[in-house]
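K.L.:
Quick one: sequence plus predicted model below, questions after.
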Amino acid sequence: MTQPPPQDPNNPYNQPGYGQQPPYGQQPQQPQQPYGQQPPYGQQPQYGQPQQGGYPPVPVGPPGYTGDPNAPYGIDPKTGLPYSDKTKMVAGLLQILLGGFGAGRFYTGHTGIALAQLFTCGGCGFWSLIDGIMILVNGGTDAQGRPLRDQ
């Protein structure tokens, strides 16, 4: 009576030669589709198990980019909110230089404050100057509540 070959835990189908490399100089044999069937259109035939390991994918984009389409400029680590597409440097400089017209607040989307600054000439210059410095130092938010980004 012959004994069956021992079961190999790395060979789930108990096929001879499963997982072994072909001899040097020979091409590996690729399994064929059963009975001449082709895979569905647009799909590649699957051979073996997916490879494990390797390097994680590297996101491509500006610094802080997470690959999330809802956060194309990254996520603020303090609040967890996505960064705005507006920068605090532009908002602060517009507010200091053209604050009498409410330009910095129009830029960030705060039209109510911008109109108030426009009608009061930026609080005779004091309101717009202080507001511009506060935006440059502390940052701020856009009209959707997202923090302004640094660069």
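P.N.:
The structure has been received and is ready for your questions. None of these values were measured; they are calculated from a predicted model.
K.L.:
so what secondary structure elements neighbour the lengthiest helix in the chain?
P.N.:
The helix spanning the most residues in the chain, taking DSSP state H as the definition, is helix 126-138. Counting by 3 or more Cβ pairs under 8 Å, 6 or more residues apart in numbering; DSSP states H and E, the packing neighbours recorded for helix 126-138 are helix 88-98, helix 103-108, helix 111-119, helix 121-124. All C-beta atoms are positioned from the backbone trio N, CA, C, and that covers glycine.
K.L.:
Tell me the buried residues in that helix?
P.N.:
The neighbour-count check on helix 126-138 (16 or more other Cβ atoms under 10 Å) flags Trp127, Ser128, Leu129, Asp131, Gly132, Ile135, Leu136 as buried.
K.L.:
weakest of the helices and strands packed on helix 126-138 in terms of mean pLDDT?
P.N.:
Mean pLDDT values for the helices and strands packed on helix 126-138 show the minimum at helix 121-124, a mean of 86.
K.L.:
Need the CA coordinates for that helix. PDB is fine.
P.N.:
What follows is helix 121-124, C-alpha atoms only, in PDB (Å, rounded to 0.1, in the frame of the first residue of the first chain):
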ATOM      1  CA  CYS A 121     -13.000 102.400   5.200                       C
ATOM      2  CA  GLY A 122     -11.600  99.600   7.300                       C
ATOM      3  CA  GLY A 123     -12.400 101.400  10.600                       C
ATOM      4  CA  CYS A 124     -10.400 104.400   9.500                       C
END
